[in-house]
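> Attaching a predicted model along with its sequence, questions to come.
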2 protein chains.
Amino acid sequence: MNSILIIGAGRSSGALIQYLLEKGKANNWYVTVADTSLDAAKAAVMNHPNGKATWLDVNKPNDRKDTIAKADIVISLLPAHMHVLVAKDCLTLRKHLMTASYVSKEIYELDEYYKNAGIVFMGELGLDPGIDHMSAMKAIHEIHEKGGKLESFKSYCGGLVAPESDDNPWHYKFSWSPRNVILAGQGTALFKQNGQHKYIPYGRLFKLAENIEIPELGTYEAYANRDSLLYEKIYGLEETPTILRATLRHVGFCKAWHAFVKLGVTDDTYPYSTTPKMNYRQWIEGYLLDSENDKNKSTKERLAQFLKEEIDSDLMQKMEWLGLFTNTHINLENATSAQILQKLLANKLVLKPEDKDMVLMQHEFVYTMDGKTYKRTSTMKMIGENAKDTAMAKLVGLPLGMFVHHLMTKGFSERGVHIPVSAEVYLPILAELEEHGVRFVEKEVEL
Amino acid sequence: MNSILIIGAGRSSGALIQYLLEKGKANNWYVTVADTSLDAAKAAVMNHPNGKATWLDVNKPNDRKDTIAKADIVISLLPAHMHVLVAKDCLTLRKHLMTASYVSKEIYELDEYYKNAGIVFMGELGLDPGIDHMSAMKAIHEIHEKGGKLESFKSYCGGLVAPESDDNPWHYKFSWSPRNVILAGQGTALFKQNGQHKYIPYGRLFKLAENIEIPELGTYEAYANRDSLLYEKIYGLEETPTILRATLRHVGFCKAWHAFVKLGVTDDTYPYSTTPKMNYRQWIEGYLLDSENDKNKSTKERLAQFLKEEIDSDLMQKMEWLGLFTNTHINLENATSAQILQKLLANKLVLKPEDKDMVLMQHEFVYTMDGKTYKRTSTMKMIGENAKDTAMAKLVGLPLGMFVHHLMTKGFSERGVHIPVSAEVYLPILAELEEHGVRFVEKEVEL
């Protein structure tokens, strides 16, 4: 095996490509980066002697197959719903495949076929999902092995802005797909609380955000992240009464986001009937009913009244700063409100070239052993270099690269569809991540 | 033309089939009723000399085509998303097609093809949509013709239980697909208020229900029904500042339904993790977070606390009467909460054999003419015979039958995809409906 194909040269690809090009030089491997933009692929490869850039539209089946056929191992950085196209080709052509996305039901259904073909699909091999699985499993295995009984497992992760670059009232900047942030939480979140499965509908999700302490950084907010019970079995936590996976935000963010949800502006199901010159203020007016508000007041006053906020509250300052009450033209046609909100936020909450992002991850384990109760926290913080070399891209990309390196040099004992929860995967990757500055600080106290 | 095919012998088919069999006898036509249940088709035809029952699984393309090929005119009573299968066959085989469902974008895209094939697709030919279009258009055309300028158009419709059969605290019984009632309003509703487009997200829809007076019956509640602006152009109301279509319920219903929405139990996106013996009380507990409630109290007390209701309030009595706090097993597997709620309500809010349903429809027009402002209301009330011969089935089925009769005896000047908004359709149908007891009572006052 000496040929690696990376499909997609977008936001998260930089650290991964750089890592694999370096390993390529040492091992005489070749790394092909394929993208619908040849320029983006070329920029990612930077004329490296072990790299090659190529144009690829994955929606063209023949081109896709031809490109995959030339590789030994494939990494898909495509949007999550497109992995299955690549996965089916990799099956036909017998190529290993890695992604950083959640493994869909469709992909899990390929497990037997991958096994029979003698190839590996490793998914959820990024940050969250990815590093969270690896670091949590390491601790869970340790606690189980010494005879501890887990009473509670909570895992928090957030892609945030570093304190030194935090200069807006939302205390947030995008280091990841804005669309995913806008749509986060739509549907119902599920977790386990004191032995009971609990469901939180979207309408209450951000309202119910809870405070959590991060050592040395202080208080953050956390809202429940999708289905926390997806991993109950795979983590071996069927007997653990409390299981929660949650997303971290700066204090105040969730209350303001809940205002968006209540208002209705995160809706992505229906095109907002825009006129070419509609402005942000008029857009917000569309959600303020005359029956709920004093219609002779300004949009800002009406929103404050609707939200039961003082006109100069922290939340209202966040809204004002975004430009919700301005006459700036939106300049979108047939867009949903979610798309309008995305356009607005992506402009305002952008990392400036010199800005640094910050990724925080914290696991909390409560376990009993020999009649005593312990709480262990395991915390990882990483600050990025700038808007291009983000902590996010590093933490999403490196596990993919490291597993590929491991697979090509040392092999992997399993075949079929997997996520990184076995010691065979997490031990070498966590060790190598530590060499790249990804350190989990552990603290344990008796309760 | 002497052969009519009706696909689907479900809830809404009785009055339609009976009407067409009678017309068939008089005109020497044959009516074929096709259903996946041959027994249901036979029961609907009742050995009528002009009727024929046949088995049909519409998902089998060859059977579907063979059955359609034998007819001159087709009526599809299938679930809305399946009409397009039939519509494409009718195009190939050049058969007219009628439905009582909303015309989808996919169907509208067939307009040119239907025109070129010389055939008619008439959709929204039931009650709501259907009779609402016809009766509203008649009044709108009259007001426009005499030079009136419409300032406001509001249209209300509800399928309810007749006062004489109203014996439960919800004052509601299903006379129509329970699933549609459970999922009603999910997404965003849209209407026009004083010249402004207004959007109501699901989380506020039932909370914002408004009271409306129905002559002789008193006060009802109305919540906005989907996209009221779909008909702005087709009704000729581009200049009308207020346009609302809304659904009627008994007073108190919407507040209680809003409690379901807030709780999250109308969610249809995610299977609720059920155990074989899970009961209704445990299901509700899944939506009550310990952080929001005193966890040592009963489920009923916790729900009241969550909803900020007194324990014996009208709303809490509705909940108790449903059996939400009982240990009755749900007996469903992998069901969403919407499906659990549907099972519960379909059992409790069922029409008993002798129960009568009631359909209410009311249009409100405010218009100006010669410097004066007038308000016209047009109200229709129909009470059913019993749980089988419902007002709902009559009002959904008769317009379909009447248009088919009209098309076969007098013809129709248009080809392509239509809804019943032209005088050529509504005048004869409204006149014939009146012979069947469907009367709009008009009242006009100067404001």
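Looks like it arrived, so ask away.
> The stretch 251-400 of chain A: strands as residue ranges?
Using DSSP state E, counting those that start in this stretch, the strands assigned to the stretch 251-400 of chain A run over residues A:357-369, A:372-383.
> Name the nearest residue to the most centrally placed residue in chain A, ignoring sequence neighbours.
Residue closest to the average C-alpha location in chain A (C-alpha atoms, centre = their mean): A:Asp128, at 5.3 Å. Excluding the flanking residues, the one nearest A:Asp128 by C-beta to C-beta, 6 or more residues apart in numbering or on different chains is A:Cys157, at 4.1 Å. The C-beta positions use only the backbone N, C-alpha and C, and glycine is treated the same way.
> residues contacting the nearest residue to A:Ala69 once chain neighbours are set aside?
Leaving aside its sequence neighbours, A:Ala69 sits nearest to A:Leu93 (C-beta to C-beta, 6+ apart; 5.4 Å). A:Leu93 sits next to A:Lys65, A:Ile68, A:Ala69 when contact means C-beta atoms under 8 Å, 6 or more residues apart in numbering or on different chains.
> Chain B contacts on the stretch 51-200 of chain A?
Counting by C-beta under 8 Å from any C-beta of the partner chain, the residues of the stretch 51-200 of chain A close to chain B are A:Gly187, A:Thr188, A:Leu190, A:Gln193, A:Asn194, A:Gln196, A:His197, A:Lys198, A:Tyr199, A:Ile200.
> Which ones among those lie within strands?
Using DSSP state E, the subset of these located in strands is A:Thr188, A:Leu190, A:Gln193, A:Gln196, A:His197, A:Lys198, A:Tyr199, A:Ile200.
> ok, so of those, who is nearest A:Asp294?
A:Ile200 (32.7 Å; C-beta to C-beta).
> Show me what residue of the stretch 301-447 of chain A gets nearest to chain B.
Using C-beta to the nearest C-beta, the closest approach of the stretch 301-447 of chain A to chain B is made by A:Ser337 at 7.4 Å.
> Just the element for the closest residue in space to A:Leu85 that isn't next to it in sequence, please.
Spatial nearest neighbour of A:Leu85, excluding adjacent residues (C-beta to C-beta, 6+ apart): A:Val58 at 6.1 Å. For A:Val58, there is no helix or strand it lies in under DSSP states H and E.
> pretty sure A:Val58 is in contact with A:Lys65, am I right?
No: between A:Val58 and A:Lys65 there is no contact under C-beta atoms under 8 Å: 10.4 Å.
> Tell me which of these two has more neighbours.
A:Val58 (22 against 14; other C-beta atoms under 10 Å in any protein chain shown).
> Need the pLDDT of that one.
We have a pLDDT of 94 for A:Val58.
> Repeat that for the one 5 residues further on.
The pLDDT attached to A:Asp63 in the predicted structure is 96.
> which residue packs closest to it, ignoring adjacent ones?
Closest residue to A:Asp63 apart from its sequence neighbours, by C-beta to C-beta, 6+ apart: A:Leu56 at 5.9 Å.
> could you list every residue that touches that neighbour?
A:Ile7, A:Ala34, A:Asp35, A:Thr36, A:Asp63, A:Arg64, A:Thr67.
> Quick one: low-confidence residue ranges for the stretch 151-300 of chain A.
A:274, A:292 (pLDDT under 70).
> any idea where the helices of it begin and end?
Here the stretch 151-300 of chain A has its helices, by DSSP state H, counting those that start in this stretch, at A:178-183, A:202-205, A:253-263, A:280-285, A:299-307.
> what does the first one contact?
The reference is to helix A:178-183. Outside helix A:178-183, the residues within contact range by C-beta under 8 Å, 6+ apart are A:Phe174, A:Thr266, A:Asp268, A:Ala338, A:Leu341, A:Gln342, A:Leu345, A:Ala346, A:Leu349.
> So which elements touch the longest helix along chain A?
The residue-count maximum for a helix in chain A (DSSP state H) belongs to helix A:391-409. Applying 3 or more C-beta pairs under 8 Å, 6 or more residues apart in numbering or on different chains; DSSP states H and E, one finds that helix A:391-409 contacts helix A:14-27, strand A:73-76, strand A:96-99, helix A:131-145, strand A:357-369, strand A:372-383, helix A:423-435.
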